[in-house]
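In: sequence and predicted structure are below.
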Amino acid sequence: MIIDCDDCRMQHTEACRDCVVSFVLHDLAGPLELDDEQAEALDALSGAGLVAPLRLVPRRDGEAAVG
């Protein structure tokens with residue numbers, strides 16, 4: 001799984017500020033790449049309320065961010 005904030009419709013919104021990826025990538029540039037085990041672990045952690053969930057909403061071609 002590759003997560004790129006530049007491809008997310010929710011970039012620069014309240015959902016973005018509450019997304020685990022924003023926390024993980026705080027000062028890093030570029031996409032976040034997770035393997036299947038890491039993605040499952042992230043789901044488990046967010047399901048338990050220990051980290052914010054992934055709030056990625058992929059943009060359609062040419063679509064701007066919501067915020």
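Out: Thanks, I have the structure now.
In: so where do the strands sit in this structure?
Out: Using DSSP state E, the strands of the chain run over 2-3, 32-33.
In: of those strands, which approaches Asp43 most closely?
Out: For Asp43, the closest of the strands of the chain is strand 2-3, at 13.0 Å, according to Cβ to Cβ. Bear in mind the C-beta positions are built from the backbone N, C-alpha and C, glycine included.
In: other SSEs contacting that closest one?
Out: strand 32-33 (3 or more Cβ pairs under 8 Å, 6 or more residues apart in numbering; DSSP states H and E).
In: Glu42 against Asp35, yeah?
Out: To be clear, residue 42 is Leu; Glu isn't right here. No. Under the criterion of Cβ atoms under 8 Å, Leu42 is not in contact with Asp35, lying 10.8 Å apart.
In: same drill for these two, tell me which one is more crowded.
Out: Leu42 (20 against 9; other Cβ atoms under 10 Å).
In: for Leu54, see how far away the more buried one is.
Out: From Leu42 across to Leu54, the span is 7 Å (Cβ to Cβ, to the nearest Å).
In: common neighbours of the two, please.
Out: Val20 (Cβ atoms under 8 Å, 6 or more residues apart in numbering).
In: what does the lowest-mean-pLDDT helix or strand in the chain rub up against?
Out: Ranked by mean pLDDT, DSSP states H and E, the weakest helix or strand in the chain is helix 20-24, scoring a mean of 76. With contact meaning Cβ under 8 Å, 6+ apart, helix 20-24 is reached by 3, 5, 16, 32, 42, 46, 51-56.
In: what helices and strands are in contact with the helix ranked longest in the chain?
Out: Secondary structure assigned by DSSP state H gives helix 36-47 as the longest helix of the chain. Contacting helix 36-47 under the criterion 3+ Cβ pairs under 8 Å, 6+ apart is no other helix or strand.
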